[in-house]
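**Student:** Give me coordinates for this.
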Amino acid sequence: QLQLVESGGGLAQPGGSLRLSCAASGSTLDYYAIGWFRQAPGKEREGVSCISRGGGVTKYADSVKGRFTISRDNAKNTVYLQMDSLKPEDTTVYYCAADRRNFDCSRYGGVYDYWGQGTQVTVSS
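**Tutor:** Residues are numbered from 1 along each chain as shown. This is a model prediction of the structure:
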């Protein structure tokens, strides 16, 4: 059974950076496309970014394009989300999720089978 654990969240100033990690156990991440999601209180879940199994395909929400970068290190069984030029509106809990059925990746949460518990990101001066 695949388990995902997010880390790297915390407090950052506007314009600052954080790097989130999604570490897997119980299975190798080579078989999974990975997505990062966030959901602020009272808002719908947003697919922030995703990366295909091999890492050749990446996708981003318009709200983070040019500021966030997703990458994966299958040898370390970890996927990263580098977040630069952070804005207060990026404040919320971030989740990673894994999809084994599709080689490509999707920003739609419904295709993902496994989810982490989330890590809080707060952007404030």
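
**Student:** What residues are bridge-paired with Ser7?
**Tutor:** For Ser7, the beta-bridge partners are Ser21 (DSSP bridges).

**Student:** mind listing the strands for this protein?
**Tutor:** For the chain, the strands defined by DSSP state E occupy 3-7, 10-12, 18-25, 33-39, 46-51, 58-60, 68-73, 78-83, 92-99, 114-115, 119-123.

**Student:** Out of these, which is closest to Tyr108?
**Tutor:** strand 46-51 (6.2 Å; C-beta to C-beta). For every residue, glycine as well, the C-beta is placed using N, CA and C.

**Student:** Show me what the closest one is packed up against.
**Tutor:** The criterion is 3 or more C-beta pairs under 8 Å, 6 or more residues apart in numbering; DSSP states H and E, and the helices and strands that strand 46-51 contacts are strand 33-39, strand 58-60, strand 68-73, strand 78-83.

**Student:** From the centroid of this structure, which residue is nearest?
**Tutor:** The centroid of the chain falls nearest to Trp36 when counting by C-alpha atoms, centre = their mean (2.4 Å).

**Student:** still on that earlier bit, could you save the helices and strands packed on strand 46-51 as CSV and add columns showing distance to Gly118?
**Tutor:** Below are the helices and strands packed on strand 46-51 laid out as CSV (distance: least, C-beta to C-beta, whole Å):
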stretch, distance to Gly118
strand 33-39, 9
strand 58-60, 20
strand 68-73, 17
strand 78-83, 13
